[in-house]
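Undergrad: give the three-dimensional model of this entry:
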Amino acid sequence: MTAAENVCYTLINVPNDSEPPSEVSLKTDLEKGEIKAKTEALKKVIIMILNGEKLPGLLMTIIRFVLPLQDHTIKKLLLVFWEIVPKTTPDGKLLQEMILVCDAYRKDLQHPNEFIRGSTLRFLCKLKEAELLEPLMPAIRACLEHRHSYVRRNAVLAIYTIYRNFEHLIPDAPELIHDFLVNEKDASCKRNAFMMLIHADQDRALDYLSTCIDQVHTFGDILQLVIVELIYKVCHANPSERARFIRCIYNLLQSSSPAVKYEAAGTLVTLSSAPTAIKAAAQCYIDLIIKESDNNVKLIVLDRLIELKEHPTHERVLQDLVMDILRVLTTPDLEVRKKTLQLALDLVSSRNVEELVIVLKKEVIKTNNVTEHEDTDKYRQLLVRTLHSCSVRFPDMAANVIPVLMEFLSDTNEAAAADVLEFVREAIQRFDNLRPLIIEKMLEVFHAIKTVKIYRGALWILGEYCSTKEDIQSVMTEVRRSLGEIPIVENEIKKEAGEVKPEEEVSAAPAQKLVTEMGTYVTQSALSSSRPSKKEEDRPPLRGFLMDGDFFVAASLATTLTKVALRYVAIVPDKRRQNSFVAEAMLIMATILHLGKSSLPKKPITDDDVERISLCLKVLSECSPLMNDVFNKECRKSLSHMLAVRLEEEKLSQKKESEKRNVIVQADDPISFMQLTAKNEMTSKEDQFQLSLLAAMGNTQRKEAADPLASKLNKVTQLTGFSDPVYAEAYVHVNQYDIVLDVLVVNQTSDTLQNCTLELATLGDLKLVEKPSPLTLAPHDFANIKANVKVASTENGIIFGNIVYDVSGAASDRNCVVLSDIHIDIMDYIQPASCTDAEFRQMWAEFEWENKVTVNTNITELNEYLLHILSSTNMKCLTPEKALSGICGFMAANLYARSIFGEDALANVSIEKPLHLGPDAPVNGHIRIRAKSQGMALSLGDKINLSQKKTAS
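TA: As a prediction, this is how the structure comes out:
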């Protein structure tokens, strides 16, 4: 509904296939029919008038035969009829018959039945004719003293609308309503009266509020909401009044109504920036989130807290409330938990980090005890990432966090375990003092790791950071335990033949001496707890991975053994022990190579893995200083460089965020003192109530774009030709899940077009909400028809249809004008979004629909093409800028976006510039799009194909 339109009261559903009745038959029913027949006839008359018929001959019939009836249904229908019927002659004078109607309504206003009185008063709010209202004023005033609250509250509304539209009819309305308000007891009547005073005479409203300001907390919630609105408006217009009302707002924070608390907290924040006010409002928001069961309410109120945090002076106040904010984590909804953790992380400081970590540790342990649920794993990941960020920002906390988190390396959920592993890798590199603790915990949980990816990561960490003789021996012991008896091939063949029982195999494993702190782990071996019923379950973890054909872990193991063996040689001076350790490492590699070449594993070893293991064998046999440096120094340098770059990126993004938040004031900017500001200057501040009302009506005032193409004209689609008898064009207004088609229909003929109907159909995931009502168009007349379409998913939709009409007086069939198609652009629903590399890879693997688009463009620069694709698809580039900088002739980038329906869209751009074709050669390559739904993948591909070429500016 646009602001220019009048408020619509009458909404009537019209049957589509009904034949319009004749005026004569309607007249007969209205005159001689029973009550039921008269009711049906009156309904048909209302529908016909709404469709543009005039029916002047029926007006007197209805006054004579229907108006005197006392039936409540007919009285209700008559109110609708008098609202829509033309009440004036073509020259604007009131019809004589309306005097009779006015007399009938004067009687209804004195009727003993309160429903009839109340509904008549509601009807009077809609009348725009002062001549009709004038004789009714004494009766309306009398209704203020009626015994029933329904009549009194509608009398107040009637007086308010009449005073607003025709002040001369009731000039003393504010005084009258003020006196009524003082003596009134009913909450709904007081609310309507007070609301009228706010808009009609604010000073009287303030006088009344001053007399009862101490009793405000005892009022009903509907009245309290109006009081909050008044206080906001008064203080907004006149800041000196703040001190007078701020105590009242504080009291309303304790209201029993959640709506009042929410509005009072929002008003308090706008009225005062004192720390006590901000704290009280924030505390109120937190209580609302915890007590309200609706997740949408929780998310909205959380957004208000996040808005508070954006203000630099408020952030410190909120830091003291971090522990209260964490109480929201009791909500099972993942989205609420995600926002809460992000907010807590933004507010964490050295003062409260310890308490935060304790709570998060408890939450992590809780997730281990609850029954597995789809969101439990995701929540655990969120907690791990939050603890990771805390430990990086506050290194003192890492020692408390690591032991708890490392228990989750053995988790069956690979994503959560991978997050823990990433955290451990960063911690062990950054915090030298924690290395012994991390190595110890890693060796404890190593045998319980269930997924091969985590196993590889754990092997790498142990190989890279075990530096003492005891730790190196412990690593070798764990590897032997995890591998089982060697040589593997012979042992597996014996097991197949039944010569070796599982128990024998365990006892036959070579006994390596464990260091003291590791001595207790023999009893926790996976072998001793395995059930002999299944051969696969008898196998130690590493052997199980190898038998499944995953030899990448073998290449990782070879690298780890090479590192620890080279280190062992450097630490231990005894030549015999050196040779024994190196020989054992080489034996393990050789037996894995043998297994890979045999037919026992499900998949044979790849050439890459053979090459890697052979290289490690060669390095151990030669033990050259150069190789020692490569294995034991260069690897760690690479990791350290990667972490440093990541830290630099994080600092840069944080700096950008803080720059956004901190308003930079220039040296010569004027300083505005609130106390010295003139009243007329205060209007520059936006009225929050007005803004929220406009937003609810879908009528938010946006700043006009400088680009003329961004105007409404860009969204107008021509539907018919200029030579067609009916010309039509549509403005397509997209508002999230709704599309409103505002169709302008112009009758270009000299005939009257009856039953002119816009018939629409949709293709794609679009649904027409209602069929537009038929119209009657006079010669060369025009009209606007609105149609609502619901959108269910992100894909290109098409709306098509035609306009059908009858020519007045013609005997021919219905005429039809076919409309051109309206294409709904996918870009209205896609918004840039960001995700981590791990999430991107996971979604890339999961999404089943892929669309490969070949690059066909006239753009010659790689970066320019990428920017062009980003702007035309609304996607965000996840690949960091540093990775895209420089000129090398090719580029690969990952793009990501999310639709308003929560659907994800991924794209991988792989492009190159063929240098051999000269400097003006266009970019070529491919863009691969992946999405969960086919429509999303195809629509995005079509959009890229259409916008690949750059138009000449």
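Undergrad: quick one: the helices in the stretch 1-150 of the chain?
TA: Counting by DSSP state H, counting those that start in this stretch, the stretch 1-150 of the chain has helices at residues 23-32, 35-50, 58-65, 72-84, 98-108, 114-124, 130-133, 137-143, 149-165.
Undergrad: same list, those, but as TSV with mean neighbour count please.
TA: Any C-beta I mention is one placed from the backbone N, CA and C, and that applies to glycine too. Output for the helices of the stretch 1-150 of the chain, formatted as TSV (neighbours: other C-beta atoms under 10 Å):
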stretch	mean neighbour count
helix 23-32	16
helix 35-50	18
helix 58-65	18
helix 72-84	18
helix 98-108	16
helix 114-124	21
helix 130-133	17
helix 137-143	16
helix 149-165	22
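Undergrad: turn those helices into JSON lines, including mean pLDDT and distance to residue 436.
TA: Converted to JSON lines, these look like this (pLDDT from 0 to 100; distance: least, C-beta to C-beta, whole Å):
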{"stretch": "helix 23-32", "mean pLDDT": "83", "distance to residue 436": "96"}
{"stretch": "helix 35-50", "mean pLDDT": "85", "distance to residue 436": "84"}
{"stretch": "helix 58-65", "mean pLDDT": "85", "distance to residue 436": "96"}
{"stretch": "helix 72-84", "mean pLDDT": "86", "distance to residue 436": "84"}
{"stretch": "helix 98-108", "mean pLDDT": "84", "distance to residue 436": "91"}
{"stretch": "helix 114-124", "mean pLDDT": "88", "distance to residue 436": "80"}
{"stretch": "helix 130-133", "mean pLDDT": "85", "distance to residue 436": "90"}
{"stretch": "helix 137-143", "mean pLDDT": "89", "distance to residue 436": "86"}
{"stretch": "helix 149-165", "mean pLDDT": "90", "distance to residue 436": "76"}
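Undergrad: could I get the ones you listed as a markdown table with distance to residue 635?
TA: What follows is the helices of the stretch 1-150 of the chain, written out as a markdown table (distance: least, C-beta to C-beta, whole Å):
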| stretch | distance to residue 635 |
| --- | --- |
| helix 23-32 | 92 |
| helix 35-50 | 79 |
| helix 58-65 | 94 |
| helix 72-84 | 82 |
| helix 98-108 | 92 |
| helix 114-124 | 80 |
| helix 130-133 | 89 |
| helix 137-143 | 88 |
| helix 149-165 | 78 |
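Undergrad: out of those helices, flag the one nearest residue 589.
TA: In terms of C-beta to C-beta, the element of the helices of the stretch 1-150 of the chain nearest to residue 589 is helix 35-50, at 87.2 Å.
Undergrad: what about residue 586, which helix or strand?
TA: If you go by DSSP states H and E, residue 586 is part of helix 575-597.
Undergrad: for residue 914, what are its contacts?
TA: Each residue near residue 914 by C-beta atoms under 8 Å, 6 or more residues apart in numbering is listed here: 921, 924.
Undergrad: you'd agree residue 731 is in a helix?
TA: No: per DSSP: H, G, I helix; E, B strand; the rest coil, residue 731 lies outside any helix segment and is strand.
Undergrad: give me the sheet partners of the helix or strand where residue 926 lies and which way each runs.
TA: Element membership of residue 926 [criterion: DSSP H and E] is strand 924-931. Take DSSP bridges as the rule and strand 924-931 pairs in its sheet with strand 849-854 (antiparallel), strand 904-912 (antiparallel).
Undergrad: could I get the full set of helices for the stretch 651-800 of the chain?
TA: Going by DSSP H, counting those that start in this stretch, the stretch 651-800 of the chain shows helices at 688-696.
Undergrad: list the contacts of residue 349.
TA: So residue 349 contacts residue 319 (C-beta under 8 Å, 6+ apart).
Undergrad: secondary structure class for it?
TA: coil.
Undergrad: gap between it and residue 319?
TA: Using C-beta to C-beta, to the nearest Å, residue 349 is found at 5 Å from residue 319.
Undergrad: redo the strands paired with strand 924-931 as TSV? Include mean neighbour count and distance to residue 466.
TA: Below are the strands paired with strand 924-931 laid out as TSV (neighbours: other C-beta atoms under 10 Å; distance: least, C-beta to C-beta, whole Å):
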stretch	mean neighbour count	distance to residue 466
strand 849-854	15	43
strand 904-912	21	38
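Undergrad: which one of those lies nearest to residue 172?
TA: strand 904-912 (63.2 Å).
Undergrad: so which of the helices of the stretch 1-150 of the chain is nearest residue 760?
TA: Nearest to residue 760, of all those, is helix 35-50, at 19.9 Å by C-beta to C-beta.
Undergrad: low-confidence ranges in the stretch 301-450 of the chain?
TA: For the stretch 301-450 of the chain, the stretches with pLDDT under 70 are 369-374, 411, 413.
Undergrad: and the contacts of stretch 617-635?
TA: With contact meaning C-beta under 8 Å, 6+ apart, stretch 617-635 is reached by 464, 558-559, 562-563, 565-567, 569-570, 582, 585-586, 589-590.
Undergrad: try 7 Å
TA: With C-beta atoms under 7 Å, 6 or more residues apart in numbering as the test, stretch 617-635 has contacts from 464, 562-563, 565-567, 569, 582, 585-586, 589.
Undergrad: stretch 828-848 too?
TA: Stretch 828-848 is contacted from outside by 415, 418, 734, 794, 874-876, 878, 894, 896-901, 904-906, 930-932, using C-beta under 7 Å, 6+ apart.
Undergrad: quick check: angle from the helix or strand harbouring residue 610 to helix 575-597?
TA: Counting by DSSP H and E, the element that carries residue 610 is helix 607-622. In terms of direction (axes from the mean of the first three to the mean of the last three C-alpha atoms, to 10 degrees), helix 607-622 departs from helix 575-597 by 160 degrees.
Undergrad: and helix 607-622, which residues are buried?
TA: For helix 607-622, the neighbour count (16 or more other C-beta atoms under 10 Å) marks 609-610, 612-613, 616-617, 619-620 as buried.
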